[in-house]
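Colleague: 3D model of this:
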Amino acid sequence: MSDKKIITVFCATGAQGGAVARALSKDPDLHVRAVTRDVNTQKADKLKSLGVELVQCNTSNPASVRDALSGADGCFIVTHTDFGKQNSFEMEVHEGRQIADACKAMRVGSVVFSTQRSSRVLGLQTRHMDAKAEIETYMHDLDLPLTCVMVPCYYEQFMGLFKPEKIDNNKYILEIPMGTTPMHLIALDDMGVVVRQIFNNWQTFIDKTIGICGDVLTIRDVAAILTQVLRPKTFADKPLTVNDYRNKKDFPGVSDWANLFTFRMRVDQIFNIHHTKMIHPQMKSFEEWARENADTLHNVL
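Modeller: Below you'll find the predicted structure:
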């Protein structure tokens, strides 16, 4: 281990952090330190089986965060949005600042942060985007050795947040208020590989913001691919407005997601599939991912 670079990964049992930890664990020259609030979970056990070091950390405790970064050459940071809390924005910004301060204090040499653009330019409130944009500004003010990765929606969200609704035997609809505006998407595992490439080519990417992307599809395109891959199931795009989505759906953060869709439709995005493929040429399209995960998709649906 003494010859290996130590990379600390925050939120390592979450979607992005987990993908990054798994990707880094495949590099024999890296020692991965996975930070989580609870090391006694199935997700934590899976990381441990990959040879990843597990570290329990309370990110609201500065000393705990500094311990997680002790001796680290680099770290990947993604902050958590607790949509169920009224003060989730303030909580996330506080968490991000605590980690940033600890990176500065511990002199971490390379910091990769999963960021987003602020929706406030349109007068919107999108807490998970706005908090990350504010944290990024704070990190720049600290003059951290920083690369920012802007991550779009994941393919995997079509098994979760964007899961198609069953309306009849083998008939499903997708209710995502993007109209004819294409969505930028990526597989979580590919996102992890991109971050690994950034750490391994640090001087190329330092001080850059990279909008990564694996595919660009309308919701109608997504429905057509799912129909082709998952027959006899069929899928259709059911158009609805952002306000319809806000009023019909019932889950914590629905207004934030509605505002995200508004922002993505009204503001030019920086996600770039061409640049991402230059970093990770084996990146999967949505169709390739769907075919590889067809059995899981069938079971989830």
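
Colleague: please make it C-alpha for all contacts and neighbour counts, starting now.
Modeller: Will do.

Colleague: need the contact list for Gly179.
Modeller: Counting by Cα atoms under 8 Å, 6 or more residues apart in numbering, Gly179 touches 218-219, 239-241.

Colleague: export the residues you listed as TSV, with columns for pLDDT, neighbour count and distance to Asp45.
Modeller: Listed next are those as TSV, based on pLDDT from 0 to 100; neighbours: other Cα atoms under 10 Å; distance: Cα to Cα, whole Å:
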residue	pLDDT	neighbour count	distance to Asp45
Thr218	98	17	37
Ile219	98	23	36
Pro239	92	18	41
Leu240	94	15	41
Thr241	96	16	42
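
Colleague: so which of these sit within helices?
Modeller: Among those, DSSP state H puts Ile219 in helices.

Colleague: same list, the contacts of Gly179, but as TSV with distance to Ala15 please.
Modeller: Listed next are those as TSV, based on distance: Cα to Cα, whole Å:
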residue	distance to Ala15
Thr218	23
Ile219	22
Pro239	28
Leu240	28
Thr241	28
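
Colleague: what is the nearest of the contacts of Gly179 to Pro232?
Modeller: Distance ranking of those against Pro232, using Cα to Cα, places Ile219 first at 19.3 Å.

Colleague: the nearest residue to that closest one once chain neighbours are set aside: what's it in contact with?
Modeller: Nearest non-adjacent residue to Ile219, counting by Cα to Cα, 6 or more residues apart in numbering: Asp237, 6.0 Å away. Residues near Asp237 by Cα under 8 Å, 6+ apart: 173-176, 219-220, 223.

Colleague: could these go into TSV alongside distance to Met278 and secondary structure?
Modeller: Output for the contacts of Asp237, formatted as TSV (distance: Cα to Cα, whole Å; DSSP: H, G, I helix; E, B strand; the rest coil):
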residue	distance to Met278	secondary structure
Ile173	34	strand
Leu174	31	strand
Glu175	33	coil
Ile176	30	coil
Ile219	26	helix
Arg220	27	helix
Ala223	28	helix
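
Colleague: name the nearest of these relative to His128.
Modeller: Within the contacts of Asp237, proximity to His128 (Cα to Cα) peaks at Ile176, which comes in at 18.2 Å.

Colleague: Pro239 is in contact with that closest one, correct?
Modeller: Yes - assessed by Cα atoms under 8 Å, Ile176 is found in contact with Pro239 at 7.4 Å.

Colleague: any idea how far Pro164 is from Leu260?
Modeller: For Pro164, the distance to Leu260 equals 19 Å [Cα to Cα, to the nearest Å].

Colleague: and stretch 103-121, how far out from the chain's middle?
Modeller: Distance of stretch 103-121 from its chain centroid, counting by Cα atoms, centre = their mean, to the nearest Å, is 14 Å.

Colleague: and what of stretch 276-284?
Modeller: Averaging C-alpha positions (Cα atoms, centre = their mean) puts stretch 276-284 17 Å from its chain's average.

Colleague: repeat that for stretch 280-300.
Modeller: Relative to the chain's own centre, stretch 280-300 is displaced by 17 Å; criterion: Cα atoms, centre = their mean.

Colleague: residues in contact with that stretch?
Modeller: 155, 159, 185-187, 190, 193-194, 197, 214-215, 222, 225-226, 229-230, 277.

Colleague: repeat that with 6 Å
Modeller: Applying Cα atoms under 6 Å, 6 or more residues apart in numbering, the contact partners of stretch 280-300 are 190, 214-215.

Colleague: got it, and stretch 26-39?
Modeller: Residues outside stretch 26-39 that contact it (Cα under 6 Å, 6+ apart): 4-12, 52-58.

Colleague: could you give the number of residues near Val121?
Modeller: 10 (other Cα atoms under 10 Å).

Colleague: residues in contact with it?
Modeller: With contact set as Cα under 6 Å, 6+ apart, Val121 has no partners.

Colleague: distance between the ends of stretch 274-292?
Modeller: Taking Cα to Cα, stretch 274-292 runs 22 Å from one end to the other.

Colleague: related to what we said a few turns ago, by neighbours, which of the contacts of Asp237 wins?
Modeller: Greatest neighbour count in the contacts of Asp237, by other Cα under 10 Å, goes to Ile219: 23 neighbours.

Colleague: tell me if I'm right that Thr218 and His184 touch.
Modeller: No - the criterion here is Cα atoms under 6 Å, and Thr218 misses it with His184 at 8.8 Å.

Colleague: list of residues touching the longest helix along the chain?
Modeller: Criterion DSSP H: the longest helix present in the chain is helix 88-105. With Cα under 6 Å, 6+ apart as the test, helix 88-105 has contacts from 60, 66, 82, 127, 131, 135.
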